[in-house]
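Asks: Fold the following and give me the result.
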Amino acid sequence: MDRRILICTDLDRTLLPNGHQPVSPEAQERFARLADHPEVALAYVSGRYRGLVEAAIEEYGIPIPDYVVGDVGTSIYTVADRDWTLWAAWAEAIGPDWAGLSHQSLHQMFADLPDLSLQEPHKQGPLKLSYYAPADLDRATLDTMESRLKACDIQARLIWSVDETVPVGLVDLLPFSASKLHAIEFLVAEKDFSPGRVIFAGDSGNDLPVLTSPLQAVLVANATDEMRAEALEEARRKGTLDTLYLARGGFLGMNGNYSGGILEGLAHYLPETAEWMAP
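Replies: Model prediction:
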């Protein structure tokens, strides 16, 4: 029997303790010890591009992962020490959604929309077109983008969000088949992990498709009450309540926030891992 375990985790406010809730001091050390176990493979699943993932590793001292799903699900890397190898196979799998159009050709479709401003080159990707926009962007701009894409038979996904620290709106255009869920499923299939030995952890709305999928998932305790209610409702509708665990704290004296919640969820699904986390 294949004993390998794949831990897939979001970064911001899931593994990274950069939210408002407190972190259990021992949780990060226990997570690092677990990630170093020979049976464990670690994948970071994040909207961050490579440079920001590397910055998080440096700033927070989190383990170097084995894999990174980045750029809002449009890139997959294998990481060996600090050597990153981009998966061409993933780009080949999702690229046809853009009907053969280049990044620049897609941008030209929207160059006349005054509320859109291209983000810096290092924030773009071969299959990710990213704009800044007003934080109160009129929905009509997104509707116009969607109608133009549809008219050209381009299968794309528009992701709208707001960086509340600035504040500024963010618009990402991705191939329709690019998502955290599809990227994890591709990784699991390519590396032949047993689905029963795969765990995903997240905290927010962009993690919802994975949290409420048949993949075993844990919602960390620092998620909002609204997020917990939404995840439960969606999982109930999909019939996936048995693969959604809500961390609540108390495991090994930790509060269930951030990495403590990931560890709690892992022990729930794979109890034998609990002894790997002890001092």
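Asks: Only the buried residues of stretch 194-202, if you could.
Replies: 197-202 (16 or more other CB atoms under 10 Å). In short, each C-beta sits where N, CA and C put it, glycine included.
Asks: Contacts for the lowest-mean-pLDDT helix or strand in the chain, please.
Replies: Ranked by mean pLDDT, DSSP states H and E, the helix or strand of the chain with the weakest confidence is strand 156-163, at a mean of 87. Applying CB atoms under 8 Å, 6 or more residues apart in numbering, the contact partners of strand 156-163 are 72, 97-98, 135, 137, 142, 145-146, 149, 168-176, 178-179, 206.
Asks: Distance to residue 107 added to the buried residues of stretch 194-202, as TSV?
Replies: What follows is the buried residues of stretch 194-202, written out as TSV (distance: CB to CB, whole Å):
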residue	distance to residue 107
197	41
198	36
199	38
200	33
201	34
202	30
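Asks: which one of those sits closest to residue 46?
Replies: Using CB to CB, residue 202 is the member of the buried residues of stretch 194-202 that lies nearest residue 46, at 10.2 Å.
Asks: so what's the closest one up against?
Replies: Residue 202 touches 9-10, 14, 45, 208, 210-211, 217-220, counting by CB under 8 Å, 6+ apart.
Asks: now, which of these lie within strands?
Replies: Counting by DSSP state E, the part of these found in strands is 9, 45, 217-219.
Asks: about what we covered before: ok, the contacts of residue 202 vs residue 275, which is closest?
Replies: residue 218 (18.7 Å).
Asks: Could you count how many residues lie near the closest one?
Replies: 28 (other CB atoms under 10 Å).
Asks: Residue 89 now?
Replies: For residue 89, using other CB under 10 Å, the count is 10.
Asks: Brilliant, that's me finished.
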